[in-house]
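Undergrad: got a predicted structure plus its sequence, pasted below:
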Amino acid sequence: EAGVAQSPRYKIIEKRQSVAFWCNPISGHATLYWYQQILGQGPKLLIQFQNNGVVDDSQLPKDRFSAERLKGVDSTLKIQPAKLEDSAVYLCASSLDWGTGNTIYFGEGSWLTVV
Amino acid sequence: GENVEQHPSTLSVQEGDSAVIKCTYSDSASNYFPWYKQELGKGPQLIIDIRSNVGEKKDQRIAVTLNKTAKHFSLHITETQPEDSAVYFCAAQDGSPPLFFGTGTRLTVIP
């Protein structure tokens, strides 16, 4: 079974530039998550989709971050304009469904450095 | 929301010894507690999980215990091997997603 795919793996941009990350979840998984992991910390949820609808985006800085999951499969996370504090690993994850205890599978992450 | 505390932040053990990582959580409604292992440059991988109706779960050299009254859970790794070296995260989930993660423990197994 293929895992969660993410691209690009690494990105370096200057502050105020924009960047987009792409995610393809495990086939058949209805729930997709974007987490932000700052160096030395645990992952923190940015946004959660159930199929193509947003379930929770309360922690997403909406003035600069946006995400979509068109057709309920792939997802894109965009940052515009980027700030230095956005330097982090952006982890995409998916689970079969939304309920408690559904195993969440993570991709390898997209490493962002803002200079 | 849920608050998960994890300690120690770093742990070094000799190969073959045991390692124990402890977590506490704040929300008594939490009922799912997974542990993830993250190797350098990779995403977190689930290694074991436990639900609130179970006090202990074991999978080969890895075990997790849960004390709902005290609101803490622990990861135990026995007979540690160099390939166990990684960052380990505990997490908790209340009645619905998301997972709330601890701050991580960097485990180093010294050959």
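TA: Structure's in. What do you need?
Undergrad: ok and the residue in chain A nearest chain B?
TA: Per CB to the nearest CB, the residue of chain A with the smallest distance to chain B is A:Gly42, at 3.1 Å. C-betas here are computed from N, CA, C, even on glycine.
Undergrad: tell me, how many residues neighbour B:Lys71?
TA: A total of 15 residues lie near B:Lys71 under the criterion other CB atoms under 10 Å in any protein chain shown.
Undergrad: just give the closest residue to it, not the sequence neighbours.
TA: Spatial nearest neighbour of B:Lys71, chain neighbours left out: B:Tyr25 (5.3 Å); criterion: CB to CB, 6 or more residues apart in numbering or on different chains.
Undergrad: before we move on, what about B:Leu107?
TA: The shortest distance from B:Leu107 to any residue that is not its chain neighbour, by CB to CB, 6+ apart, is 5.0 Å, and that residue is B:Leu11.
Undergrad: please look at the one you found and B:Ile21 and confirm they touch.
TA: Yes: B:Leu11 is in contact with B:Ile21 according to CB atoms under 8 Å; the separation is 6.9 Å.
Undergrad: the more surrounded of those two?
TA: B:Ile21 (23 against 17).
Undergrad: by contact count, what packs against the strand or helix carrying that one?
TA: The secondary structure element spanning B:Ile21 is strand B:19-25 (assigned by DSSP states H and E). In terms of contacts (3 or more CB pairs under 8 Å, 6 or more residues apart in numbering or on different chains; DSSP states H and E), strand B:19-25 is packed against strand B:4-7, strand B:10-14, strand B:72-77, strand B:86-92, strand B:105-110.
Undergrad: fine by me, thanks again.
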